[in-house]
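Participant: sequence first, predicted coordinates after that:
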Amino acid sequence: MILIIRLLFILGCSLFGYYMPMPWIPTDQLTHPEWMGAGVGLILGVLVISLDIFFKKFTVRNILSILVGAGLGLLVHRLVMTVVGYVHMTPDSIQQLGLASAIIFSYLGVITVLRGQDEFTLMIPFVTLDTKGPQEELILLDTSVIIDGRISDICKTHFMSGKFILPRFVLKELQLISDSSDPMKRSRGRRGLDVLNKIKSNPNMQVKIHEMDFPEFNTVDAKLVKMAQVIGGKVFTNDFNLNKVAEIQGVKVLNINELANALKPVVMPGEIMTVKILKEGKEHDQGIAYLDDGTMVVVDNGRRRLGQTMNVTITSVLQTQAGRMIFARMSDEPERPDRKPMRSNEADIIDERSFRQEPPRNPMSSGARPS
């Protein structure tokens with residue numbers, strides 16, 4: 001289809017040159033000047049098509065950036081020449097200065113917009129230099145996910161794509177935490193700064209600090225959600241409350257805790273695994289163990305094996321609001337036929353109590369915003 005349009009365009013240019021008079025062609029020296037005009041039109045048409053093919057490797061976003069940059073440069077040139085008009089100069093000098101300023105400011109405008117296409121879009125939300133093709137994702141970093149630390153490991157795996165946007169108000173909150181008088185908060189804040197340095201040193205990821213702020217909002221969560229709505233980005237967090245608030249307002253959220261739950265290994269009843277009994281359970285003769293990913297394993301008759309590493313056989317797997325639970329028995333003991341299956345509400349109670357008693361392996365993986 002594009003080839004047909006190009007052929008029609010060249011034909012149109014040739015017909016235009018054939019029928020339109022061209023004063024600059026010496027007609028008195030040519031027998032058929034109209035064919036000379038048709039040849040000139042044909043050459044111009046081929047030249048335009050060549051330019052079209054040359055700019056094919058550039059995206060619409062780049063072309064729009066060039067046009068907007070040139071327009072801004074010429075606008076500055078116009079303002080400068082208005083001021084120069086009040087200076088006593090010869091007409092030739094003013095003409096030369098105007099030509100030079102038009103070229104210089106046009107160049108500077110194009111280079112400025114090309115270098116900061118995303119920043120230009122963020123500064124003027126209603127003017128978007130974009131293309132209809134695949135868009136680069138803008139991911140806003142939350143304080144909790146930075147302090148958590150797992151984001152740097154995820155970036156090393158090359159599963160993340162897009163550009164990280166670090167709002168200035170998030171960086172300020174992180175700095176306040178690192179300057180806190182509380183030793184725990186101070187260590188968490190400094191850890192977050194170290195994680196940021198690791199991410200910025202990763203050549204596969206881009207992290208840009210942006211100055212956009214919303215003084216009408218008092219909380220960092222509200223500012224993050226509003227900024228994500230303005231720039232059309234996603235919020236990267238492990239804060240449960242921020243996750244829900246953002247989803248209500250139509251903002252996409254990337255949650256590390258949800259990713260971790262999705263990547264937990266799938267186990268089936270009857271499989272055998274090796275665990276270490278760490279503490280007593282809430283029910284009679286129960287022992288509690290934990291997998292490497294934090295999944296709790298309730299072992300029947302495991303209380304008398306505290307501190308021992310045993311082979312257990314999985315009897316059932318239950319997914320609750322607090323996470324995944326695995327019920328098992330000792331592999332060297334037969335399954336008790338009189339054991340009643342646990343109801344879901346009882347499992348929720350046991351699960352909730354156990355998680356309250358045994359904190360997660362990673363103190364920052366609970367999803368709570370650092371205070």
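Facilitator: Noted; the coordinates are in hand.
Participant: residues of the helix or strand residue 100 falls within that come out buried?
Facilitator: Element membership for residue 100 (DSSP states H and E) is helix 91-115. Neighbour-count burial for helix 91-115 flags 98, 101-102, 105-106, 109-110, 112-114 (criterion: 16 or more other C-beta atoms under 10 Å). Yep, even glycine has a C-beta here, placed from its N, CA and C like the rest.
Participant: take those residues and lay them out in TSV including distance to residue 176 and pLDDT.
Facilitator: Output for those, formatted as TSV (distance: C-beta to C-beta, whole Å; pLDDT from 0 to 100):
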residue	distance to residue 176	pLDDT
98	51	86
101	46	88
102	48	89
105	42	89
106	44	88
109	38	85
110	40	84
112	33	82
113	35	79
114	36	74
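Participant: distance to residue 152 added to the residues you listed, as a markdown table?
Facilitator: Shown next, in a markdown table, are the buried residues of helix 91-115 (distance: C-beta to C-beta, whole Å):
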| residue | distance to residue 152 |
| --- | --- |
| 98 | 53 |
| 101 | 47 |
| 102 | 48 |
| 105 | 42 |
| 106 | 42 |
| 109 | 37 |
| 110 | 36 |
| 112 | 32 |
| 113 | 32 |
| 114 | 30 |
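Participant: correct me, but residue 325 touches residue 318?
Facilitator: Yes - contact criterion C-beta atoms under 8 Å: residue 325 and residue 318 qualify, at 4.7 Å.
Participant: for stretch 202-221, buried residues please.
Facilitator: Buried residues in stretch 202-221, counted by 16+ other C-beta under 10 Å: 202, 205, 207, 210, 212, 220-221.
Participant: sorry, back to before: more crowded one of residue 325 and residue 318?
Facilitator: residue 325 (21 against 16; other C-beta atoms under 10 Å).
Participant: dihedrals phi and psi, the more buried one?
Facilitator: Backbone torsions of residue 325, given as degrees, to the nearest 10, read phi -120, psi 140.
Participant: tell me what it is bridged to.
Facilitator: When bridges are called by DSSP bridges, residue 325 pairs up with residue 296, residue 318.
Participant: how close does it sit to residue 317?
Facilitator: Here the criterion is C-beta to C-beta, to the nearest Å. By it, residue 325 lies 7 Å from residue 317.
Participant: the buried residues of stretch 202-221 into TSV, with extra columns for secondary structure?
Facilitator: Below are these laid out as TSV (DSSP: H, G, I helix; E, B strand; the rest coil):
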residue	secondary structure
202	coil
205	coil
207	strand
210	strand
212	coil
220	helix
221	helix
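Participant: for residue 284, state which of those is nearest.
Facilitator: Of all these, residue 221 has the smallest distance to residue 284: 44.2 Å, by C-beta to C-beta.
Participant: distance check, the closest one against residue 177.
Facilitator: 15 Å.
Participant: Three-state assignment for the spatially most central residue of the chain, please.
Facilitator: The chain has residue 139 as the residue nearest its centroid, 2.5 Å off, counting by C-alpha atoms, centre = their mean. Assigned with three-state DSSP, residue 139 falls in the strand class.
Participant: bridging residues for it?
Facilitator: residue 164, residue 234.
Participant: and which of the buried residues of helix 91-115 is nearest residue 8?
Facilitator: residue 110 (31.8 Å).
Participant: export stretch 89-96 as PDB, just CAs?
Facilitator: The C-alpha coordinates for stretch 89-96 follow below in PDB (Å, rounded to 0.1, in the frame of the first residue of the first chain):
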ATOM      1  CA  MET A  89      22.500  48.700  14.700                       C
ATOM      2  CA  THR A  90      22.700  48.700  10.900                       C
ATOM      3  CA  PRO A  91      20.200  46.700   8.900                       C
ATOM      4  CA  ASP A  92      22.900  44.400   7.600                       C
ATOM      5  CA  SER A  93      24.100  43.700  11.100                       C
ATOM      6  CA  ILE A  94      20.600  43.000  12.400                       C
ATOM      7  CA  GLN A  95      20.000  40.600   9.400                       C
ATOM      8  CA  GLN A  96      23.200  38.700  10.100                       C
END
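Participant: returning to that earlier point: surely the residue nearest to the centre of the chain touches residue 236?
Facilitator: Yes - with contact defined as C-beta under 8 Å, residue 139 counts as touching residue 236 (5.1 Å).
Participant: quick check: neighbours shared by the two?
Facilitator: 164, 254 (C-beta atoms under 8 Å, 6 or more residues apart in numbering).
Participant: and residue 233, its phi and psi?
Facilitator: Note on residue 233: backbone dihedrals following degrees, to the nearest 10 are phi -110, psi -180.
Participant: I'd like the distance between the closest residue to it other than its chain neighbours and residue 155.
Facilitator: Nearest residue to residue 233, sequence neighbours excluded (C-beta to C-beta, 6 or more residues apart in numbering): residue 138, at 3.5 Å. Applying C-beta to C-beta, the value for residue 138 to residue 155 is 16 Å.
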